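>>> Fold the following for me, if possible:
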Amino acid sequence: MSVFKVLAAACLATGLVAISAPGAWSQSKSVKIVVPYTPGSGPDITSRLMAEQIGRMQGATIVIENRPGGGTVIGTELAARAAPDGATVLMIANSFVANPAVNRGNYHPTNSFDPVCQLAVTPMVLVVQSSSPYKTLDDLLAAARKEPGKLSLASGGPASSLHFGFEIVKRAAKVDMTYVPYGGTAPSINALMGGHVTSVFADYPTVVSQLKAGTLRGLVTTSPTRVDELPGVPTLTETGLIKYEDEIFYGIVAPVKTPPEALKQLSAWFTAAMDAAEVKPKLAQQGLFAKVRCGSAFDAAIKSKVEDYTRVAREANIKVN
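Now for the predicted structure:
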């Protein structure tokens, strides 16, 4: 074999190694995070924090694309149709697993996507105005029993995790309260402050500042344990009404059949970003708490939530109008 042929073969072999090397994908790819929520929402804030941190630590280009609408279905289905090459991922929260439970959307949480990592969790908290006569959950439920149908509870929804939480409380307490869905937690809180609804099941990041300022009062959370930042607010299980635990989670998934090496690299990037010392205070400021689990552990958590929400939707007859 001539020297030129030997050199050519060596160069080709080197090129193939470079293409298949673990670092090759990360060096040649930019990543788009599809966020099926509006700018300024909890998932959007988390996505941008991750993009900034990964860009700083890995030198990668992370682009955020907001695609809200349809109860997150529009952005989710867009991501499901993306090429499974590691260049597109989807930021998810509870609606990702709640939608299939009410037959909303043409995707399946585990058949249409591969898990990357869960990143953070945040409480769901039932709130009233601080001037409200209801100091505890028992107070609110007792008033609802006295005047069936008069008291109301709002949330971003319908068929959201917050709506599911309301139905759990309503059925366990055997009360008749009117459910009022809004386009998001912020509009429902505006309605609460305006006196148009009695209470709101809210995601903690949306109300954290008002809880700290004392304009809202928390009555109960659905967290597994008491939230350190809300020491006076019991969990739903603690009240003795019903044993029920649920948190809002934020995580990242990729279109199904994304290469394992790309999933591994993405998991490493997001895990490193979440472990960075400067990230946790930023999360806490938004009412978010790091809780990272990747790969099969995250996949199992998604499957469990789909089963739980499907059962609740069936029992409470939750439907999308």
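>>> tell me the domain ranges of the chain?
Domain ranges of the chain: 25-121+248-316, 124-239, per automatic domain parsing.
>>> For those, please prepare JSON lines with the additional fields mean neighbour count and mean pLDDT.
Just so you know, the C-beta spots here come from the backbone N, C-alpha and C atoms, and that holds for glycine as well. Formatted as JSON lines, the domains of the chain follow (neighbours: other Cβ atoms under 10 Å; pLDDT from 0 to 100):
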{"stretch": "domain 25-121+248-316", "mean neighbour count": "19", "mean pLDDT": "93"}
{"stretch": "domain 124-239", "mean neighbour count": "19", "mean pLDDT": "94"}
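>>> and the gap between the nearest residue to residue 117 once chain neighbours are set aside and residue 202?
For residue 117, ignoring the flanking residues on the chain, the nearest one in space by Cβ to Cβ, 6 or more residues apart in numbering is residue 294 at 4.0 Å. Distance, residue 294 to residue 202, using Cβ to Cβ, to the nearest Å: 28 Å.
>>> So residue 155: helix, strand or coil?
strand (DSSP: H, G, I helix; E, B strand; the rest coil).
>>> Report the contact partners of it.
162-163, 165-166, 179, 181-182, 185, 188, 200-202 (Cβ atoms under 8 Å, 6 or more residues apart in numbering).
>>> Just give the closest residue to it, not the sequence neighbours.
residue 162 (3.7 Å).
>>> do the same with residue 67
For residue 67, the closest residue by Cβ to Cβ, 6+ apart turns out to be residue 75, at 3.3 Å.
>>> How about residues contacting the helix or strand containing that neighbour?
In the assignment (DSSP states H and E), residue 75 maps to helix 73-80. Counting contacts by Cβ under 8 Å, 6+ apart, the residues outside helix 73-80 that touch it are 34-37, 66-69, 88-90, 92, 96, 99, 104-107, 112-113, 253, 255-256.
>>> where's residue 252 relative to residue 274, distance?
11 Å.
>>> overlap in contacts of the two?
In contact with both residue 252 and residue 274: 117, 119, using Cβ under 8 Å, 6+ apart.
>>> Against which helices or strands is the helix or strand harbouring residue 45 packed?
Counting by DSSP H and E, the element that carries residue 45 is helix 42-58. Secondary-structure packing of helix 42-58 (3 or more Cβ pairs under 8 Å, 6 or more residues apart in numbering; DSSP states H and E): strand 31-35, strand 62-66, strand 88-92, strand 113-122, helix 204-213, strand 248-255, helix 260-275, helix 279-285.
>>> mind checking the longest helix of this protein?
helix 295-316 (DSSP state H).
>>> Run the angle between that helix and strand 248-255 for me.
120 degrees (axes from the mean of the first three to the mean of the last three Cα atoms, to 10 degrees).
>>> Off-centre distance for helix 295-316?
13 Å (Cα atoms, centre = their mean, to the nearest Å).
>>> ok, now stretch 115-124?
6 Å.
>>> Same question for stretch 187-198.
For stretch 187-198 - counting by Cα atoms, centre = their mean - the centre lies 23 Å from the chain centre.
>>> and it, how far apart are its ends?
14 Å (Cα to Cα, to the nearest Å).
>>> Can you tell me what sits against that stretch?
Counting by Cβ under 8 Å, 6+ apart, 127-129, 132, 134, 140, 151-156, 177, 180, 182, 199-200, 202, 206-207, 210, 215-216 sit against stretch 187-198.
>>> Residue 293 sits in which helix or strand?
strand 289-294.
>>> For that strand, name the packing helices and strands.
strand 113-122, helix 260-275, helix 279-285.
>>> Identify whichever of the ones you listed lies nearest to residue 223.
Residue 223 lies closest to strand 113-122 among those, at 8.3 Å (Cβ to Cβ).
>>> ok, residues contacting the helix or strand following the closest one?
Counting by DSSP H and E, the element after strand 113-122 in chain order, helix or strand, is strand 124-129. With contact meaning Cβ under 8 Å, 6+ apart, strand 124-129 is reached by 134, 137, 140, 153, 161-162, 165, 169, 189, 192-193, 195, 198-204, 207, 210-211, 215-223, 227, 230, 233, 246-248.
>>> Out of those, name the ones that lie in helices.
137, 140, 161-162, 165, 169, 189, 192-193, 204, 207, 210-211.
>>> which of these lies closest to residue 47?
Once Cβ to Cβ is applied, the member of the ones in helices among the contacts of strand 124-129 that ends up nearest residue 47 is residue 204, at 17.8 Å.
>>> Quick check: residue 179 is in a strand.
Yes: counting by three-state DSSP, residue 179 falls inside a strand.
>>> That one is in contact with residue 152, isn't it?
Yes: Residue 179 is within contact range of residue 152, at 7.4 Å (criterion: Cβ atoms under 8 Å).
>>> Excluding chain neighbours, what is closest to residue 286?
Nearest non-adjacent residue to residue 286 (Cβ to Cβ, 6+ apart): residue 205, at 5.1 Å.
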